[in-house]
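1. Give me a 3D structure for the following:
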Amino acid sequence: MKRIQRLPLLAGALALTACQPAMEREITSEPFGTTKDGEEVRLYTLVNANGLHAEIMNYGGTMVRLLVPDRGGELDDILLGFDNFADFEEKSPYFGCLIGRYGNRIAHGRFELDGETYQLATNDEPGGIPAHLHGGERGFDKVMWDATPVYRDDARGLRLTYRSPDGEEGYPGTLDVTVHYWLTDDDALRIEYEATTDKATPVNLTQHNYYNLRGEGNGDINGHEIMIHARRFTPVNEGLIPTGELKPVFDTPFNLTTPVAIAHRVNRDDEQLRFGQGFDHNWVLDDQTGELAKAAFVYEPTTGRIMEVWTTEPGLQFYGGNFLDGTLVGKRGVAYEHRSGFCLEAQHYPDSPNQPDFPNTILRPGEVYAQVTEYRFMTDGN
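-> The predicted structure is shown next:
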């Protein structure tokens, strides 16, 4: 029998202070383009006390740039993306955006809830098997969010809100979503999510930055060293849908329990890697308490940049940019070749509405969905 959990509201996680920022650190905004429907898109810039920059647009809640220092203190943009809005709207493979209502895949776009069957769009077909991916044809990555600059003593932030109406993309219930991006003075990108509904519905929110710690457009990510705090993962079928098994990573290429260069694992002859054309899998995190815990560590040796991932979520999807093929040109004018960026998406497991033994993703009226994920930046020179 499926265990139903109330998703906890993190006490004080969204509390703001009334402090007045210094003028040089005021959050600014500027026009960034116009959607095909004629809506103005604005780009918001956050700067922390150490000079780190984050640029976020209200279309899709998309992060456009994130500038962090290398071991010599030189800032560089570590996010894949475009330098203009039209390319984000027309070409983006989820670069930098918020994902919902359901991040990752749902088998055949179908699930049963409280005796009723719901059919969602099938906008993905790996292995020739149809699936619902990242919220459908027009998920949260393609909608306009209401954006408000917010301040704390230790951070600059952007509050984004969106009301997803009952029946949008086939999902039941009206879902009210609030996401806070915070750029903190201790060099973390903190993302706080909260949602409520008036009818039971699946919810699995995440964020889809493509990172390259060498700098955007500076080659592939094969030399990055990665560690994921997970002794199990969820193997998939040809359609990248979990089989339901929680498989130990030991004696497989998915053993990332100690730091290892991505290239030392991803090129092995393994059926799971063939299905995903590399890493495109969910790791079952060791910490399942729902408290903020360390999930992953990534190190780039040439720049000395380090990124730690901390989350309250039970799963982490590691996607290695396997489907980038050189057809997209990034902000430096450089084509994004195979594996030129990676994603670490904190989330619940794929296809959970159809997997009774996976952690619950059904949100009901009177409950609050809440999760927090932090990407903490440092260097080996710290």
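
2. all strands of the stretch 51-200 of the chain, in order?
-> Counting by DSSP state E, counting those that start in this stretch, the stretch 51-200 of the chain forms strands over residues 53-57, 62-69, 75-77, 98-99, 105-107, 110-113, 116-119, 131-133, 146-152, 155-164, 175-184, 188-197, given from the N-terminal end onward.

3. Output those strands as CSV; include the columns mean neighbour count and distance to Phe318.
-> Every C-beta, even on glycine, is put in place using the N, C-alpha and C of the backbone. Converted to CSV, the strands of the stretch 51-200 of the chain look like this (neighbours: other C-beta atoms under 10 Å; distance: least, C-beta to C-beta, whole Å):
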stretch, mean neighbour count, distance to Phe318
strand 53-57, 23, 22
strand 62-69, 23, 18
strand 75-77, 18, 22
strand 98-99, 26, 15
strand 105-107, 24, 15
strand 110-113, 17, 24
strand 116-119, 11, 29
strand 131-133, 26, 17
strand 146-152, 16, 29
strand 155-164, 21, 25
strand 175-184, 21, 22
strand 188-197, 22, 17
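
4. Output these as JSON lines; include the columns distance to Met227.
-> As requested, the strands of the stretch 51-200 of the chain are arranged in JSON lines below (distance: least, C-beta to C-beta, whole Å):
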{"stretch": "strand 53-57", "distance to Met227": "25"}
{"stretch": "strand 62-69", "distance to Met227": "19"}
{"stretch": "strand 75-77", "distance to Met227": "23"}
{"stretch": "strand 98-99", "distance to Met227": "24"}
{"stretch": "strand 105-107", "distance to Met227": "25"}
{"stretch": "strand 110-113", "distance to Met227": "33"}
{"stretch": "strand 116-119", "distance to Met227": "38"}
{"stretch": "strand 131-133", "distance to Met227": "27"}
{"stretch": "strand 146-152", "distance to Met227": "30"}
{"stretch": "strand 155-164", "distance to Met227": "27"}
{"stretch": "strand 175-184", "distance to Met227": "23"}
{"stretch": "strand 188-197", "distance to Met227": "18"}
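
5. right, and the ones you listed - which one's nearest Phe88?
-> strand 62-69 (6.4 Å; C-beta to C-beta).

6. Nearest the geometric middle of the chain, what residue?
-> If you average the C-alpha coordinates of the chain and look for the closest C-alpha using C-alpha atoms, centre = their mean, you land on Gln207, 2.3 Å from that point.

7. gap between the two ends of stretch 346-358?
-> 15 Å (C-alpha to C-alpha, to the nearest Å).

8. any idea of the mean pLDDT in that stretch?
-> Here stretch 346-358 scores 98 as its mean pLDDT.

9. Buried residues of that stretch, list them for me.
-> By neighbour count, and taking 16 or more other C-beta atoms under 10 Å as the criterion, the buried residues in stretch 346-358 are Ala346, Gln347, His348, Tyr349, Pro350, Asp351, Ser352, Pro353, Asn354, Gln355, Phe358.

10. give me the element the first one is part of.
-> Assessed by DSSP states H and E, Ala346 sits inside strand 343-347.

11. Could you list every helix and strand that that strand packs against?
-> Taking 3 or more C-beta pairs under 8 Å, 6 or more residues apart in numbering; DSSP states H and E as contact, the helices and strands that strand 343-347 lies on are strand 206-207, strand 293-300, strand 305-311, strand 315-319, strand 369-379.

12. Can you tell me the SS state at Pro353?
-> Judged by DSSP: H, G, I helix; E, B strand; the rest coil, the three-state class of Pro353 is helix.

13. try Pro365
-> Of the three states, Pro365 takes coil according to three-state DSSP.

14. Hmm, it is touching Thr201, no?
-> No: Pro365 is not in contact with Thr201 according to C-beta atoms under 8 Å; the separation is 9.7 Å.

15. between the two, which one's more packed in?
-> Legend: neighbour count by other C-beta atoms under 10 Å for Pro365 and Thr201, higher for Thr201 (25 against 11).

16. For beta bridges, what are the partners of that one?
-> The bridge-partner assignment for Thr201, based on DSSP bridges, gives Leu363.

17. Grab the nearest non-local neighbour of Pro353.
-> Sequence neighbours aside, Phe111 is the residue nearest to Pro353 in space, at 3.7 Å (criterion: C-beta to C-beta, 6 or more residues apart in numbering).

18. what about the one you found, distance to Gln355?
-> Relative to Gln355, Phe111 is positioned 10 Å away (criterion: C-beta to C-beta, to the nearest Å).

19. just Gly315 next, same as before
-> 12 Å.

20. Please apply the same query to Pro259.
-> Taken as C-beta to C-beta, the spacing of Pro259 relative to Gln355 amounts to 30 Å.

21. what do you get for Arg42?
-> Arg42 sits 39 Å away from Gln355, taking C-beta to C-beta as the criterion.

22. Check Gly173 too.
-> In this structure, Gly173 and Gln355 are 21 Å apart, going by C-beta to C-beta.
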